[in-house]
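Asks: Give me the fold of what follows.
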Amino acid sequence: MVSHADDDHSGGLAALLAALPVADVVIGEPFAAAPAGARLCQRGQAWRWDDVRFRVIAPRVSGLHGNDASCVIRVASAGATLLLPGDLERAGELELVEQPGSLSADVLLVPHHGSRSSSSAEFIRRVQPGLALVSVGRNNSYGLPAEEIINRYRMRVTRVLRTDRDGAIQLALGVDGYRVRARLRRDRPRYYRAQP
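Replies: Coordinates of the predicted model:
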């Protein structure tokens, strides 16, 4: 599942396909590096894996491009839910907010890495997460996450964790809710740095 075409979401696809047996590729929008036979992500697609339910809740219409074409997936175990909105911006959030049914989730991956173009107050209110996770690189050139967006989450969410400050974040959904562990490992060189 590739949320959309931006390199920070699709850039490793060729390496994954070369290294792992992959039976099916689903993409948020067509892009040049997508493999032949890749299917488009569409609202209503669903599957179950080890008693965890996955359901695509957006996009519901074709013709969306860029960040608003992101596949949005709701993951649910018996005791907790997680919402993965990709890089949705306000227009995509509005489409979700206007859909019938619940958007609520215990855990939310903050849309578009906490940029100012997403995380509208109405979207956060409808999702009502207890935990917001921000996936963002340390000292990134985009200045993400935006401080005003982090403050918006802090006003409505119990806990906010950021990969740039908290490091790797492990999340386990179970029948009794969710468990989270964040750890920043300063004692090992990062895997992405070349060794001499």
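
Asks: contacting residues for the most centrally placed residue in the chain?
Replies: The residue lying closest to the centre of the chain (Cα atoms, centre = their mean) is Leu84, at 3.6 Å. Taking Cβ atoms under 8 Å, 6 or more residues apart in numbering, we find Leu84 in contact with 3, 72-75, 109. No exception for glycine: its C-beta is placed from N, CA and C like everyone else's.

Asks: for Ala121, same thing?
Replies: Here Ala121 is in contact with 152, 156 (Cβ under 8 Å, 6+ apart).

Asks: quick one, phi/psi of it?
Replies: Main-chain dihedrals, Ala121, degrees, to the nearest 10: phi -60, psi -40.

Asks: sorry, back to before: any idea what the residue nearest to the centre of the chain is bridged to?
Replies: With DSSP bridges applied, Leu84 shows beta-bridge pairing to Ile73.

Asks: all helices of the protein, in order?
Replies: Applying DSSP state H to the chain gives helices spanning 7-10, 13-19, 90-98, 121-127, 147-156, 163-166.

Asks: State the pLDDT value of the closest residue to Arg126 other than its chain neighbours.
Replies: Spatial nearest neighbour of Arg126, excluding adjacent residues (Cβ to Cβ, 6 or more residues apart in numbering): Leu103 at 4.4 Å. According to the prediction, Leu103 has pLDDT 90.

Asks: who touches Leu103 in this structure?
Replies: Applying Cβ under 8 Å, 6+ apart, the residues contacting Leu103 are 57, 83, 96-97, 123, 126-127.
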